[in-house]
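Asks: Sequence unavailable; structure follows:
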């Protein structure tokens, strides 16, 4: 429990205190409640800043921070409904949005992904907290009623907007096709092998080996392959070539090629795949290069653009992808597609009739 996470927990601890202050009747109880609500709301910004500056961003914090925000705001809103200070449908809309996003986070967690709060989600939280503050203060200060109504309307707009933004950016988590790629479960049977397990089975039975060269995925393909027990029988190693200098030095990618077409290109993906295959002497090799996001880092190429190359004894091929998730989703999608391409190539790598020009 570090300081940022402790600040997050403080919002949860403050919930019963704030509820009591709104319900009880004594001089200035609403003003005190509003003041405490503002103070604890500020911890939402402070905990994130401290975590990033101190390098203490953790999966617990990523999960706990948005959860604390939801409970903090919803609990106070429910009391305000009881006191007749806000319409019940407002709470229903906010709660429905939070429930849907919580389900989305659960689906992501089941696939090994922690969905952190997005910038638009943080804006939503700020508008909700501003609206709640005005709703509390409108009872002792009736002149604030129109401002409170406007604040509630703005909060509803951002609540719906941010919810749609999450669903769009992480729609791949809810896609039946994507889910089937990651792990399919036939009716009445045990789960089918993951792509990494399926690849391992093919490589092992055919006596083939594989190596990887990764840029945008940063080692994720190799991690997925080595998650499978016994993968040392066919996985020899890999190179994480994040910079152009490493691509040149470790993989033999020509400097002129990088200068003319750029690191994120079909030609470089194929050169990386061929280079790592030669370096490790493997039957197959896969290479990934792309722009994961959240921005293009000065490149004119779009975020999500990814090229994956596969090299075998028969030649080298590549495919272009345009992923539309956030950084984590784009990297995972690229890694899964790299495994799928390896599976397709491994199935024919040992057959002499499957020859393709480089």
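Replies: All right, it came through fine. Keep in mind that this is a model prediction, so the values were computed, not measured.

Asks: So residue 303: helix, strand or coil?
Replies: Secondary structure for residue 303, judged by DSSP: H, G, I helix; E, B strand; the rest coil, is coil.

Asks: Report the separation between it and residue 333.
Replies: Distance, residue 303 to residue 333, using Cβ to Cβ, to the nearest Å: 13 Å. From N, CA and C alone the C-beta is placed, and that goes for glycine too.

Asks: How far does the strand or helix carrying residue 336 sit from its chain's centre?
Replies: Under DSSP states H and E, the secondary-structure element containing residue 336 is helix 327-346. Chain-centre distance of helix 327-346: 16 Å, with Cα atoms, centre = their mean, to the nearest Å.

Asks: residues in contact with the helix or strand residue 159 falls within?
Replies: Using DSSP H and E, residue 159 sits within helix 145-169. Helix 145-169 is contacted from outside by 86, 90, 93-94, 97, 100-101, 104, 115, 118, 120-121, 123-124, 127-128, 130-131, 134-135, 137-138, 174, 324-326, 329, using Cβ atoms under 8 Å, 6 or more residues apart in numbering.

Asks: what's the angle between it and helix 327-346?
Replies: Counting by axes from the mean of the first three to the mean of the last three Cα atoms, to 10 degrees, helix 145-169 lies at 10 degrees to helix 327-346.

Asks: so how far is helix 145-169 from its chain's centroid?
Replies: Chain-centre distance of helix 145-169: 23 Å, with Cα atoms, centre = their mean.

Asks: Give me the mean pLDDT for it.
Replies: Summarised as a single mean, pLDDT over helix 145-169 is 91.

Asks: gap between the closest residue to residue 73 other than its chain neighbours and residue 7?
Replies: Nearest non-adjacent residue to residue 73, counting by Cβ to Cβ, 6 or more residues apart in numbering: residue 128, 5.0 Å away. Plainly put, residue 128 is 19 Å away from residue 7 if you go by Cβ to Cβ.

Asks: okay, those two: which has more neighbours?
Replies: Neighbour count, other Cβ atoms under 10 Å: between residue 128 and residue 7, residue 128 has more, with 27 against 22.

Asks: The more buried one contacts residue 70, doesn't it?
Replies: No - Residue 128 is not in contact with residue 70 according to Cβ atoms under 8 Å; the separation is 9.5 Å.

Asks: ok, residue 97 - how many residues close by?
Replies: The tally of other residues near residue 97 (other Cβ under 10 Å) stands at 21.

Asks: so which strand or helix has it?
Replies: helix 88-110.

Asks: For that helix, list every residue counted as buried.
Replies: Going by neighbour count (16 or more other Cβ atoms under 10 Å), the buried part of helix 88-110 is 90, 91, 93, 94, 95, 97, 98, 101, 104, 105, 108.

Asks: As a markdown table, these with distance to residue 286 and pLDDT would be great.
Replies: Listed next are the buried residues of helix 88-110 as a markdown table, based on distance: Cβ to Cβ, whole Å; pLDDT from 0 to 100:
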| residue | distance to residue 286 | pLDDT |
| --- | --- | --- |
| 90 | 51 | 94 |
| 91 | 50 | 93 |
| 93 | 46 | 94 |
| 94 | 45 | 91 |
| 95 | 45 | 92 |
| 97 | 40 | 90 |
| 98 | 40 | 85 |
| 101 | 34 | 84 |
| 104 | 30 | 82 |
| 105 | 30 | 74 |
| 108 | 25 | 70 |
